[in-house]
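> Got a predicted model here, sequence first, then my questions.
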Amino acid sequence: MEMFEDLAIYLENRIPELEKLKNNGAKIVGYVPGGFVPEEIIWAGGAIPVALNRGGNHEAVLESMNYIPRFIDTYSRAQIGYWALGEPLYRLADLVVVPCTDKNIAAIADCWEMWTNTQLFRLGVPHNNTTQHAFKYYFDTLILLKEVIEKLTDKPVTDTKLKTEIDTCNRIRLRLGQIRELRKNEAPPISGSDFIKLHHATLLAERNYMAEYLDLKVDELGKKNGKRTPRILLIGSSIAQGDYKIYDLLESAGANVVVEDFSEGIRPYLQQVDNSGDSYKALTN
């Protein structure tokens, strides 16, 4: 099954839409996805979060060698390379947020800081996240991010707005989780390539549009059956938008990816944010 045609058309028009919104005064916040940058805070502050998550083009990786050492991982090099090649989405950002999870991802921040004029925010991520000290460190980082977003947009991040955005993002995570459950079927109603493309779409699309779209797709897919094929678990460090060759190879050989386990490039969707108490503590957890 090919990428959902209506969503594909929407995504083709998304960057021109973002350009128009920016020209009308909207602030665009680019970020490296992987679960540590809460989109909810960005939306609540009146800005538009978009994932810098392109891949699949080796030209971008080669181009990055003018700016970053060759031993940095391919995913991180690609994010620099797409900026260097003038990829429109990468030139739209008014602010770039980089969660410094390791030296590879931190190198993206280094390059953005050195080679661009775009405002940069390094989001601190503790490596040992089981201690109270680590919790406070990450919590304080989210408060700093809130303050940066408020200064960028000149709008307050109110508790009411933040809780509304958490509800919307929880809805998206819930629907992705429900579609993931359908992949447990012996004949899954969605291919691995379509699932990951749908997943990546949530990192670029307007959140209310995406939530409504996923509501419809959960119902639609729940009434369908696919083909019985060998079932594949795919594990890696990152899966970028456009890095679909492995899916195509497996599917052309008659197999189907039904589970992914990656660090960067996807949205963690199996856990909901508890929206009953302090929102920042909930996002920290």
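Now that the structure is in, tell me what you want to look at. Numbering: from 1, shown residues only.

> What are the contacting residues of stretch 229-248?
When contacts are defined by CB atoms under 8 Å, 6 or more residues apart in numbering, stretch 229-248 is touched by residues 51, 53-57, 73, 75, 78, 191-193, 196-197, 200, 203-204, 250, 254-266. (Glycine included, C-beta is placed from N, CA and C.)

> Show the buried residues in those residues.
Those of those that meet the buried threshold are 51, 53-55, 57, 73, 75, 78, 191-193, 196-197, 200, 203-204, 250, 256-258, 260, 262-266, by 16 or more other CB atoms under 10 Å.

> tell me the pLDDT at the residue lying farthest from the centre of the chain?
No residue in the chain sits farther from the centre than Arg228, which is 30.0 Å out by CA atoms, centre = their mean. Among the per-residue scores, Arg228 holds a pLDDT of 94.

> now the one 4 residues further on
Residue-level confidence at Ile232 comes out at 96, pLDDT.

> gap between it and Lys245?
Separation of Ile232 from Lys245 (CB to CB, to the nearest Å): 14 Å.

> Settle it for me: which of those two has more neighbours?
The residue with more neighbours, out of Ile232 and Lys245 and counting by other CB atoms under 10 Å, is Ile232; that gives 17 against 11.

> For the closest residue in space to that one that isn't next to it in sequence, give me the pLDDT.
Nearest non-adjacent residue to Ile232, counting by CB to CB, 6 or more residues apart in numbering: Val257, 4.6 Å away. According to the predicted model, the pLDDT of Val257 comes to 96.

> I'd say Val257 and Gly192 touch.
Yes - with contact defined as CB atoms under 8 Å, Val257 counts as touching Gly192 (3.0 Å).

> who touches both of the two?
Taking CB under 8 Å, 6+ apart as the contact definition, Val257 and Gly192 share the neighbouring residues 232, 234, 247, 250.

> Glu87: which of those is nearest?
The shortest separation between Glu87 and any of those is 22.2 Å, and it belongs to Tyr247 (by CB to CB).

> pretty sure that closest one is in a helix, no?
Yes - counting by DSSP: H, G, I helix; E, B strand; the rest coil, Tyr247 is located in a helix.

> Which residue is the nearest non-sequential neighbour of it?
For Tyr247, the spatially nearest residue (CB to CB, 6+ apart) is Ser193, at 3.8 Å.

> Please state the offset of whichever strand or helix holds the one you found from the chain centre?
Using DSSP states H and E, the secondary-structure element containing Ser193 is helix 192-201. With CA atoms, centre = their mean, to the nearest Å as the basis, the distance from the averaged C-alpha position of helix 192-201 to the chain average is 12 Å.

> got it, and stretch 198-212?
Remark: stretch 198-212 is offset 10 Å from the chain centroid, using CA atoms, centre = their mean.

> now do stretch 11-19
Using CA atoms, centre = their mean, the distance between the centre of stretch 11-19 and that of its chain works out at 17 Å.

> Just the buried residues of that stretch, please?
Judged by neighbour count (16+ other CB under 10 Å), stretch 11-19 contains these buried residues: 11, 14, 18-19.

> Please consider this matter closed, and thank you.
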